[in-house]
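J.: predicted model and sequence follow; I will ask about them next.
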Amino acid sequence: MTSLGAFRGGEELPPALSWTADRPAEIVGAAPTGKQMGRPGPDQGYALKLAHLFHGQLRLGEREIEHDVIAGCLGVALKRAALFGRAPVIHDLDLAFAVFGFTGTSDTPAELQELRTTLFEAAGHHYDVQRAIADAVPDETLRMTPEQVKGSLTANWRNLLAHTA
């Protein structure tokens, strides 16, 4: 029987074996970039949980469906999070919805409403539509705060988007 002060030696573990990236789908070097490629980032699935916080809060037009709007704006939010090299946060989604006038207090310009109605149509069912929406928001806009985007939406919404207006 051992005393309370004595301790039993543990079993020594062997050192870990070396590991190499040799799986068939492993990306060697930098991830590919370009149109319709997206941007990899950590914990991107968390954006889905955050998106549910906007349920019932978005300002939608007559022909706009919340499911399509959320699916389209998720790509924008994830693109912003990846730009900063981090997991998505609520501000990424706030900015994504604000760029297209789905949040905020000011009135959304009629031309932007027309554009987004066509742009977001069936976005929840088509990956290429979701990618096109994300590609429509340039990095300069993604570097802004949601408040800056909301403040400049009425007068300068075309400057917030690329190749769509």
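T.: Yep, it's here. On a predicted model such as this, the values are computed, not experimentally measured, just so you know. Numbering: from 1, shown residues only.
J.: quick one, helices of the chain?
T.: Taking DSSP state H as the criterion, the chain carries its helices at 46-51, 66-83, 90-99, 110-119, 127-135, 139-142, 146-160.
J.: tell me which of the ones you listed sits nearest to Pro24.
T.: Smallest distance to Pro24 across the helices of the chain (C-beta to C-beta): 22.7 Å, for helix 127-135. For the C-beta atoms, the positions are set from N, CA and C on the backbone; glycine is no exception.
J.: which ones are touching the spatially most central residue of the chain?
T.: When the chain is reduced to its mean C-alpha position, the closest residue under C-alpha atoms, centre = their mean turns out to be Leu78, at 1.8 Å. With contact set as C-beta atoms under 8 Å, 6 or more residues apart in numbering, Leu78 has these partners: Gly38, Arg39, Gly41, Gln44, Ala47, Pro88, Asp92, Ala134.
J.: run a quick neighbour tally on the closest residue to Asp135 other than its chain neighbours.
T.: With sequence-adjacent residues excluded and distances taken as C-beta to C-beta, 6 or more residues apart in numbering, Asp135 is closest to Lys35, at 5.9 Å. Counted by other C-beta atoms under 10 Å, the residues lying close to Lys35 total 8.
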